[in-house]
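Participant: Okay, here's the prediction I keep looking at, along with the sequence it came from:
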Amino acid sequence: MRMSGTAGKNDGLTNSWVDSSLEISPVEQTVLLRRLLAGKMPVSAKAHEMTKAIITTFDAVGWTVQGKTGSTALDKNKRSLGWLVGWAEKDGRRIVFARLVVDAKRGDMPKGLATRAAFLKDLPQLVK
């Protein structure tokens, strides 16, 4: 994971995630979430619980889904990326996921929101 921020600006802590230097793969994202859910991050138990509590919750046909969306443009707005990372729980079962969508053009809805809507719709079929 790289998060130095904008070259020459010393803004990695505050801006690395906003169209800058943050590079984290979907696999790295799911590893991070698994560590968070297992209470294995180098922070207090209270910090683990507070973090899990502030992540938005959605319903997907009986599944409780918690996750975070994101989106950005590539190639001077010719392509767009949208993603949703999080976890879903139902009847004691938990899955951790990262969904990334790359489109050839920008759409009307922010790509992260469209990715979330599609994932929530698809989830029941994905976990059969």
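Facilitator: That came through fine.
Participant: hey, let's count contacts and neighbours off CA atoms from now on
Facilitator: Fine.
Participant: Who are the packing partners of the longest helix anywhere in the chain?
Facilitator: When the chain is parsed with DSSP state H, its longest helix is helix 111-126. Helix 111-126 sits against strand 57-60, strand 63-74, strand 79-90, strand 93-103, with contacts defined as 3 or more CA pairs under 8 Å, 6 or more residues apart in numbering; DSSP states H and E.
Participant: the inter-axis angle of the second one versus helix 111-126?
Facilitator: This means strand 63-74. Counting by axes from the mean of the first three to the mean of the last three CA atoms, to 10 degrees, strand 63-74 points 140 degrees away from the direction of helix 111-126.
Participant: Taking strand 93-103 as reference, get the angle to strand 63-74.
Facilitator: 20 degrees.
Participant: Partner strands of strand 63-74 and their direction?
Facilitator: Partners of strand 63-74 in the sheet, by DSSP bridges, are strand 57-60 (antiparallel), strand 79-90 (antiparallel).
Participant: List the contacts of that strand.
Facilitator: For strand 63-74, the external contacting residues (CA atoms under 8 Å, 6 or more residues apart in numbering) are 19, 55-59, 79-90, 106, 110-113, 115-116, 124.
Participant: repeat for the shortest one
Facilitator: Residues from elsewhere that reach strand 57-60 (CA under 8 Å, 6+ apart): Thr64, Val65, Gln66, Gly67, Leu120, Lys121, Leu123, Pro124.
Participant: Kindly recompute the last result at 7 Å.
Facilitator: Thr64, Val65, Gln66, Gly67, Leu120, Lys121, Leu123 (CA atoms under 7 Å, 6 or more residues apart in numbering).
Participant: That'll do, ta.
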